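>>> Please work out how this folds:
(2 chains)
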2 protein chains.
Amino acid sequence: MKSLIEPKLLKGFRDFLPSSETSRKSLIGRLETVFRQAGFVPIDTPAIEYAEILLGKSGGETEKQVYTFMDQGERQVALRFDLTVPFARFLAQHRHEISLPFRRYHIAKVWRGEKPHAGRFREFMQCDFDCVGSDSLSADLEILVLMYRSMKTLGIDDFKIHISHRGIFNALLSKLLCENHSVEILRAVDKIKKQGSDIVSAELSTYLKPEISKKILEFISPLPDFHSTLKKCSDAVGNDNPCVIRMEQLGSCFKELGIQGYFVFDTSITRGLDYYTGVVFETFLSKLPDIGSVCSGGRYDNLVSL
Amino acid sequence: MKSLIEPKLLKGFRDFLPSSETSRKSLIGRLETVFRQAGFVPIDTPAIEYAEILLGKSGGETEKQVYTFMDQGERQVALRFDLTVPFARFLAQHRHEISLPFRRYHIAKVWRGEKPHAGRFREFMQCDFDCVGSDSLSADLEILVLMYRSMKTLGIDDFKIHISHRGIFNALLSKLLCENHSVEILRAVDKIKKQGSDIVSAELSTYLKPEISKKILEFISPLPDFHSTLKKCSDAVGNDNPCVIRMEQLGSCFKELGIQGYFVFDTSITRGLDYYTGVVFETFLSKLPDIGSVCSGGRYDNLVSL
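Below you'll find the model as predicted:
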């Protein structure tokens, strides 16, 4: 034996031995079956793209985590850090080859050069599914039902999908005349489950008047049921607000489908990212609350014009 | 619509639309079934590894094509350019967690920053399968039968698997006293199907005596059947040479399995890479000879010591 290859792996990266890789493949296979049954089709995009495209809309924090480098042709390229930006690029590129509404799923690796810690890796799989080209109630509903069915197909039953509507939150900020701080407010509110209301309140108070900050905190504090939360929203922004109406319709649909027990109307869900415009959601495992959301997303209507 | 993401893709990289991605997934699924039925299990390794590990044994040509860069922690890292080197590292790392013989398959993307041209991309899928920890005839045979079955499961019938034995070729070079040029000779001979014998002969003559060069060319020129090729080999290096005996046994096995029509004993097959030590093979499609080998490999006994 001449030269033994050194058994050295980068921190935050993993090998999958046959036992875990077999489980992972079986799990992915089950999800793919659910997606296909719901009319979602697979796509794939390259792991490497022009850095300017992948980093176009992201802020400083993301940018630091992205693996960027110069390729053999002196182009500034990057490894994808999610599957949403590549999908937006894909849609812009193939708009004349697809028909709308377009339902795709994409299960693939992404890379983030962040500090690895328990359960966080630098290379990991994302599983995305989107419906593009419809602003209807049924498009929102089919994504939410698919989330429910995905959890069920994985054999998970102890979960709650927390949903809210970014449009309602934006309307409230507009009424409170603090839209100019919406980016910071969204980012602060997004941390309330991890950091608690005191820290969020302190952060909000650095740029908002105390009474405004208090109203926001009141708005995002949980109420016991869908109906009372809906009432709070309609009190805050008016019962003719189309976003309030959309939430009311979704609540009725959940009931009709008999899956209302899995959905929580939770006004603290706003999602930190700027691009969401409609219904937003995060999924929590009742027995493992500390690991945070395991399936999240929302409607974003303006990332690509079609 | 505020900012439209520019539909720009790096040269040599591809999107897969649902129609092609669905076909690709179905094709991979069929291969995986064949592998699993033959007792091969899946593994996965990271796309990024330490550059020194991935580049350890490769020559200058490969090195130029590898995407290497500095990560956030100032480590020199690289994207894998094949699945063999990562597998050698995997074996070194997990030698105490696996039992031998170990049969694995791995279907995953690799990246090479080479000039893209018809059918050659900078990002593409490799499909590897190996049996590790056995130097037996049956290990060679099960890989060759799996190649045969893989082609069949893809619905391909017009193919020939050309096989030879690197040990026979090495023994010939040893007899001709030109082992010191073995790396160049292997590389020259590997190009004969693409460039023809005149160019290879001219290249060999730059460092070999004309009669030696002639003998090598005679050895690698094709004969019509398995038996006569075997005779040529045993004439060249002796009928007690264990590599000649291994080829003879394989020929008998093909016959017994009734698959001898798919295998060609072709002494021009040597594989350009240095690490092969035993049986080597390349698969050609009878109706598409110009695209070259579609399924290649060989036995390499010394890449990792177990």
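
>>> So which residues of the stretch 151-300 of chain A form strands?
For the stretch 151-300 of chain A, the strands defined by DSSP state E, counting those that start in this stretch cover A:159-165, A:263-265, A:279-285, A:297-298.

>>> Chain B: which of the ones you listed is closest?
strand A:297-298 (17.5 Å; Cβ to the nearest Cβ). Where C-beta positions appear, they are placed from N, C-alpha and C, glycine not excepted.

>>> can you give me how far that closest one is from the chain middle?
Between the centre of strand A:297-298 and the centre of its chain there are 4 Å (Cα atoms, centre = their mean, to the nearest Å).

>>> how does chain A divide into domains?
Domains of chain A are assigned by automatic domain parsing as A:12-133, A:136-306.

>>> For chain A, which segments count as helices?
Using DSSP state H, the helices of chain A run over A:18-37, A:51-55, A:60-65, A:84-94, A:137-153, A:166-175, A:182-189, A:192-195, A:197-205, A:210-220, A:226-237, A:242-257.

>>> Compare those helices and say which comes out lowest on pLDDT.
Lowest mean pLDDT within those: helix A:60-65, a mean of 80.

>>> Name the residues of stretch A:167-176 that are buried.
A:G167, A:I168, A:F169, A:N170, A:A171, A:L172, A:L173, A:L176 (16 or more other Cβ atoms under 10 Å in any protein chain shown).

>>> hang on, isn't A:E32 packed against A:H106?
No. Using Cβ atoms under 8 Å, A:E32 is not in contact with A:H106, being 10.8 Å away.

>>> Spell out which residues are contacts of both of these two.
Shared contacts of A:E32 and A:H106 (Cβ atoms under 8 Å, 6 or more residues apart in numbering or on different chains): A:P42.

>>> between the two, who's got more neighbours?
Taking neighbours as other Cβ atoms under 10 Å in any protein chain shown, A:E32 and A:H106 compare with A:H106 leading, 22 against 18.

>>> Show the pLDDT at the more buried one.
98.

>>> now it, which residues is it bridged with?
Under DSSP bridges, the beta-bridge partners of A:H106 are A:D128.

>>> can you check A:E282 too?
Per DSSP bridges, the residues bridged to A:E282 are A:H162.

>>> if I pick it, what's in contact with it?
By Cβ under 8 Å, 6+ apart, the contact list for A:E282 reads A:I161, A:H162, A:I269, A:R271, A:G292, A:S293, A:C295, A:S296.

>>> can you list the residues of the stretch 51-200 of chain A near chain B?
By Cβ under 8 Å from any Cβ of the partner chain, the part of the stretch 51-200 of chain A that sits against chain B consists of A:52-53, A:56-57, A:64-65, A:67, A:69-73, A:75, A:77, A:79, A:85, A:88-90, A:92-94, A:97-98, A:104, A:109, A:111, A:113, A:122-123.

>>> Please spell out the ChimeraX selection for the buried subset of those.
Typed into ChimeraX, the line below selects the buried ones among these, using 16+ other Cβ under 10 Å:
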select /A:53,57,67,69,71,72,77,79,85,88,89,90,92,93,98,104,109,111,113,122,123
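
>>> of all of the stretch 101-250 of chain A, which residue lies closest to chain B?
Per Cβ to the nearest Cβ, A:G113 is where the stretch 101-250 of chain A lies closest to chain B, at 3.8 Å.

>>> Report the contact partners of the spatially closest residue to that residue that is not a sequence neighbour.
Excluding the flanking residues, the one nearest A:G113 by Cβ to Cβ, 6 or more residues apart in numbering or on different chains is B:Q72, at 3.8 Å. By Cβ under 8 Å, 6+ apart, the residues touching B:Q72 are A:K64, A:Q65, A:Y67, A:G113.

>>> Kindly provide the distance from B:Q72 to A:T68.
Separation of B:Q72 from A:T68 (Cβ to Cβ, to the nearest Å): 10 Å.

>>> What of A:F254?
Here the criterion is Cβ to Cβ. By it, A:F254 lies 43 Å from A:T68.

>>> Neighbour count for the two, which is higher?
Taking other Cβ under 10 Å, A:F254 and A:T68 do not tie; A:F254 has more neighbours (22 against 16).

>>> I figured the more buried one hits A:Q260, correct?
Yes. A:F254 lies in contact with A:Q260 (Cβ under 8 Å); the separation is 4.1 Å.

>>> which neighbours do those two share?
A:F226.

>>> Save the helices of chain A as JSON lines, and put in distance to B:T206 too.
Formatted as JSON lines, these follow (distance: least, Cβ to Cβ, whole Å):
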{"stretch": "helix A:18-37", "distance to B:T206": "48"}
{"stretch": "helix A:51-55", "distance to B:T206": "44"}
{"stretch": "helix A:60-65", "distance to B:T206": "51"}
{"stretch": "helix A:84-94", "distance to B:T206": "48"}
{"stretch": "helix A:137-153", "distance to B:T206": "63"}
{"stretch": "helix A:166-175", "distance to B:T206": "71"}
{"stretch": "helix A:182-189", "distance to B:T206": "67"}
{"stretch": "helix A:192-195", "distance to B:T206": "69"}
{"stretch": "helix A:197-205", "distance to B:T206": "74"}
{"stretch": "helix A:210-220", "distance to B:T206": "78"}
{"stretch": "helix A:226-237", "distance to B:T206": "82"}
{"stretch": "helix A:242-257", "distance to B:T206": "76"}
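
>>> nearest to B:A236, of the ones you listed?
B:A236 sits nearest to helix A:18-37 of all the helices of chain A, at 41.6 Å, using Cβ to Cβ.

>>> Just list the residues touching A:K64, thanks.
So A:K64 contacts A:G113, B:Q72 (Cβ under 8 Å, 6+ apart).

>>> distance of it from B:A51?
The spacing between A:K64 and B:A51, counted by Cβ to Cβ, is 22 Å.

>>> what do you get for A:G29?
34 Å.

>>> more crowded one of these two?
Each of A:G29 and B:A51 has its neighbours counted (other Cβ under 10 Å); B:A51 has more, 20 against 11.

>>> could you turn stretch A:258-270 into CSV, dropping everything but the C-alphas?
Only the C-alpha atoms of stretch A:258-270 are listed here, as CSV (Å, rounded to 0.1, in the frame of the first residue of the first chain):
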residue,chain,number,x,y,z
GLY,A,258,-61.4,17.8,9.1
ILE,A,259,-57.8,18.9,9.5
GLN,A,260,-58.4,22.0,11.6
GLY,A,261,-56.7,20.4,14.6
TYR,A,262,-53.3,20.7,12.9
PHE,A,263,-53.5,24.4,12.1
VAL,A,264,-52.9,27.3,14.5
PHE,A,265,-53.6,30.9,13.6
ASP,A,266,-50.5,32.5,15.1
THR,A,267,-50.0,36.2,14.5
SER,A,268,-46.4,36.0,15.7
ILE,A,269,-45.5,34.2,12.5
THR,A,270,-44.2,36.8,10.1
